[in-house]
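# no FASTA, just this:
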């Protein structure tokens, strides 16, 4: 029992320090220099912008004239054809529901709507990406060519994939890689087998012996054991 409690504390601690889906491109890199006094210089057309949102970092490509192209999930694409509603600012709740339904669009919003009240960081990925960034005008044109509805995948086609494709020619997402590494560490830890087995036994005791309780109790711990 002590080992199980230790296991849970370790994983909860890990998740509390890992902002889910937050980019860690700069892990181990040089720290940002102290902020200079005065307002930061305005972004240039083709710059890669990033802002923190509730559980992740959101990315976009600056198009100039206070406009940003970004891939963002949107549940309104499923619920309505009203372009006025669809064109309104996407809230976090609307975004998360869009993730669940896997519907998204590459859209153009104002810089303020894209930031959603957060501070904007510019071109941080340039320091760590192996590929050299394209000229800014080419980046902006690549982003503009992708505007419109697009399938969404949290792991394979998210906002970070969009901006890295536009700026470096190679769609990649460090947020996805970080999440998968965390998930693999949970699966590989054999204490996960014990915990899922105990939870299965508890469900059998509480709900009774039935296929809906017995089969998961057998197959989930077995699958985790084989994967580990």
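It's in. Note that the coordinates shown come from a computational prediction; the quantities given were computed from them, not determined experimentally. Residues are numbered from 1 along each chain as shown.

# can you pull out the helices in this structure?
Listed in chain order, the helices of the chain (DSSP state H) span 2-17, 76-79, 83-86, 92-101, 111-115, 136-145, 159-168, 174-188, 191-207, 211-227.

# for residue 42, find the nearest of those helices.
Comparison of those against residue 42 by CB to CB identifies helix 111-115 as nearest, at 9.0 Å. No exception for glycine: its C-beta is placed from N, CA and C like everyone else's.

# tell me what the closest one is packed against?
On a contact count with 3 or more CB pairs under 8 Å, 6 or more residues apart in numbering; DSSP states H and E, helix 111-115 meets strand 48-52, strand 57-64, strand 67-73.

# before we move on, back to that, packed most tightly, which of the helices of the chain would that be?
helix 159-168 (a mean of 24; mean count of other CB atoms under 10 Å).

# circling back to that earlier point, comparing the helices of the chain, which yields the minimum mean pLDDT?
When these are compared on mean pLDDT, helix 2-17 scores lowest, with a mean of 42.

# okay, the helices of the chain in TSV with distance to residue 61 next?
Shown next, in TSV, are those (distance: least, CB to CB, whole Å):
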stretch	distance to residue 61
helix 2-17	30
helix 76-79	21
helix 83-86	20
helix 92-101	18
helix 111-115	10
helix 136-145	4
helix 159-168	5
helix 174-188	17
helix 191-207	40
helix 211-227	38
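
# nearest to residue 128, of those helices?
Once these are compared by CB to CB, helix 174-188 is nearest, at 8.7 Å.

# residue 66 reaches residue 111, doesn't it?
Yes: between residue 66 and residue 111 a contact is recorded at 4.9 Å, counting by CB atoms under 8 Å.

# picking up where we left off before, quick one, which of the helices and strands packed on helix 111-115 is nearest to residue 146?
strand 67-73 (7.5 Å).
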